[in-house]
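[1] quick one, fold the following:
(one chain, ligands or ions: 1)
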Amino acid sequence: MSANRIGCGLGLIALAVGVPLIAGPVKDPPAHLDAERTKAVMRIPEGDFRPRKKVFAAAVPEERLGWGLGENGVRAEAAWAVTKGKGVRVAILDTGIDADHPELKGQILASKDFTGSRFGAKDAVGHGTHCAGIVAMKQDGKGYVGVAPGCGILNGKVLADDGTGDFNWLAAGIDWAVEQKADVISMSLGGGPDGTPPERFMPNLRAAIRRATDAGVIVLAAAGNDGPGANTVGYPGRYPEVVAVAASDVSRHITNFSSRGSEVDVAAPGDNVVSSIPNGQFAEWDGTSMATPMAAGVAALYVADCRANGRTPTPADFRKRIETTSSTRAKVPNPNSGWGLIQAPGFVSATPTESKTLEFGRADFTADAWGRLLHQAPGTAGLTLEFRGETLLKAGLTK
Ligand SMILES: [Ca+2]
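    The predicted model follows:
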């Protein structure tokens, strides 16, 4: 442990999840897990502690979407017609990841432990596996699906097996993620000294974040679970370079526990969020910890769509889209929800809103000929298709 962690208790980071640390029936919970001590570190109000509501024992046979991906959430499905995030690299800086979970197997591109854990980069808590699944659970016909099931995950373990960590580990994890060519960094953690400029205690952290955003990486962090009081956003979410994410519920309201403050940039589903936990299980958890990878998944879709269209994704353009496309767009951000609920379709190219099938019949042309096909039924617009061989050159409607 570093002096930063032992010396004065400052500079500690902790999970921003509104529930105890142990992820339901985790197989071998670390013996040194001390819930009371962790609670004190996390500064989570007593009322926010709720027992884990649901843990699914095994893979769900028919693949389902959690509510957070649907109409009251980020509307991921509406964006999947354009992209599912293929080729994008999302760093999850958390408690490690269970890379053997059926939903994550093959999705983890690289792993590194910064905590000196005897479990290495594996997840002994469950939190990191849940966050990774929210982004990248596979679309494989079983279980559940992440927001960007085509993307790959970088697993940086910066929180130890008791769910706390050192800000220097986080800074090192951010630098590692940039080295690993992360496109997006998701940090479901927070903490820091109250009322004190954090740079005094963690000079490396903001510098690392700036190196990441300067390299074009989109950096997101949990707003924190210290609401509903005013001015409760923690670090690193409090930094202007970081997109701070608040937690919304199935009614599109901001949860009571979600931290409030002018630093909140956007909201995402963070209540009853179903995702993977170790040993092949799934669980429904609450927290801005869950909202953050929801928004990070949208960022992955954005990056993939930019690349597919020859554009360079940038943190500034990502922010601009948050401001212009979030649900309940406000002219100014509000301290509960920032610019509103993040909406995946606003981050990808336009998608068809309606699709219908028209029967044409068949017309044969000479192979490789330049051809024109006209279709007109009485009282409708005519459709003209021009092609050479099998290549469509032009399509148009005539009155
Ligand atoms: Ca699945």
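[2] so what's the backbone phi/psi at the closest residue to Trp339 other than its chain neighbours?
    Excluding its sequence neighbours, the residue lying closest to Trp339 (CB to CB, 6 or more residues apart in numbering) is Ser326, at 4.4 Å. All C-beta atoms are positioned from the backbone trio N, CA, C, and that covers glycine. Taking degrees, to the nearest 10, you get phi -70, psi 150 for the backbone angles of Ser326.
[3] tell me the buried residues in stretch 77-96?
    77-80, 82-85, 88-96 (16 or more other CB atoms under 10 Å).
[4] helices - which of the residues you listed land there?
    With DSSP state H as the criterion, helices contain 77-80 from among the buried residues of stretch 77-96.
[5] so which of the buried residues of stretch 77-96 sit within strands?
    Using DSSP state E, the members of the buried residues of stretch 77-96 that fall within strands are 89-94.
[6] from Lys105, how far off is the residue in the chain that the ion sits nearest to?
    Residue of the chain nearest the ion, by CB to the ion: Gly143 (3.9 Å). Distance from Gly143 to Lys105, counting by CB to CB, to the nearest Å: 11 Å.
[7] do Gly382 as well
    52 Å.
[8] which residues sit in contact with the spatially most central residue of the chain?
    Geometric centre of the chain, nearest residue: Pro293, 2.2 Å, by CA atoms, centre = their mean. Pro293 makes contacts with 92, 131-132, 134-135, 147, 186, 188, as judged by CB atoms under 8 Å, 6 or more residues apart in numbering.
[9] residues near the nearest residue to it once chain neighbours are set aside, how many?
    Among residues not flanking Pro293 along the chain, Ile134 sits closest, at 3.9 Å (CB to CB, 6+ apart). If you count neighbours by other CB atoms under 10 Å, Ile134 ends up with 34.
[10] how about the strand or helix carrying Ile134 as PDB, C-alpha atoms only?
    Per DSSP states H and E: Ile134 is located in helix 127-136. Extracted in PDB, the C-alpha atoms of helix 127-136 (Å, rounded to 0.1, in the frame of the first residue of the first chain):
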ATOM      1  CA  HIS A 127     -18.400  -4.900  -9.500                       C
ATOM      2  CA  GLY A 128     -16.000  -4.700 -12.400                       C
ATOM      3  CA  THR A 129     -17.700  -7.800 -14.100                       C
ATOM      4  CA  HIS A 130     -21.100  -6.100 -13.800                       C
ATOM      5  CA  CYS A 131     -19.800  -2.800 -15.300                       C
ATOM      6  CA  ALA A 132     -18.000  -4.600 -18.200                       C
ATOM      7  CA  GLY A 133     -21.200  -6.600 -19.000                       C
ATOM      8  CA  ILE A 134     -23.300  -3.400 -19.200                       C
ATOM      9  CA  VAL A 135     -21.000  -2.300 -22.100                       C
ATOM     10  CA  ALA A 136     -20.100  -5.600 -23.800                       C
END
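[11] can that helix be said to contact the ion?
    No: Helix 127-136 is not in contact with the ion by CB under 5 Å from the ion; minimum separation 9.1 Å.
[12] what mean pLDDT does that helix get?
    Averaging pLDDT along helix 127-136 gives 96.
[13] same question, stretch 291-301
    For stretch 291-301, the per-residue pLDDT averages 98.
[14] distance from that stretch to the middle of the chain?
    3 Å (CA atoms, centre = their mean, to the nearest Å).
[15] can you check stretch 285-295 too?
    Taking CA atoms, centre = their mean, one finds stretch 285-295 lying 7 Å from the centre of the chain it belongs to.
[16] one more: stretch 232-244?
    That offset, for stretch 232-244, works out to 16 Å (CA atoms, centre = their mean).
[17] stretch 103-122 now?
    For stretch 103-122 - counting by CA atoms, centre = their mean - the centre lies 18 Å from the chain centre.
[18] over to that stretch now: how far is its first residue from its last?
    With CA to CA, to the nearest Å applied, stretch 103-122 spans 15 Å between its terminal residues.
[19] so Val88 makes contact with Ala304?
    Yes: counting by CB atoms under 8 Å, Val88 does reach Ala304; the two are 5.0 Å apart.
[20] any common contacting residues for the two?
    148, 150-151.
[21] filter the contacts of Pro293 to the buried ones?
    Judged by 16+ other CB under 10 Å, buried ones among the contacts of Pro293: 92, 131-132, 134-135, 147, 186, 188.
[22] for Thr314, state which of those residues is nearest.
    Comparing the buried ones among the contacts of Pro293 against Thr314 with CB to CB places Ser186 closest, at 17.4 Å.
[23] grab the nearest non-local neighbour of the closest one.
    Using CB to CB, 6+ apart and skipping residues adjacent in sequence, the residue nearest Ser186 is Ala296, 3.6 Å away.
[24] secondary structure element holding Ala244?
    strand 243-248.
[25] again, but for Ala283
    Using DSSP H and E, Ala283 maps to strand 281-285.
[26] pLDDT score for Ala57?
    Per-residue confidence (pLDDT) for Ala57: 58.
[27] please read the previous query as pertaining to Val60.
    Here, the pLDDT recorded for Val60 equals 62.
[28] all helices for this protein, in order.
    Remark: helices assigned in the chain by DSSP H are 3-6, 35-42, 76-80, 127-136, 167-179, 203-214, 288-308, 315-325.
[29] out of the helices and strands in this structure, which is least certain?
    helix 35-42 (a mean of 30; mean pLDDT, DSSP states H and E).
[30] just the mean pLDDT for stretch 211-224, thanks.
    For stretch 211-224, the per-residue pLDDT averages 97.
[31] what's the span of that stretch from first residue to last?
    Using CA to CA, the end-to-end distance of stretch 211-224 comes to 23 Å.
[32] do stretch 252-262 as well
    With CA to CA as the measure, stretch 252-262 spans 20 Å from end to end.
[33] and that stretch, what's buried?
    252, 254-255, 257-261.
[34] same thing with stretch 61-73?
    63, 66-69, 72-73.
[35] this completes my enquiry, with thanks.
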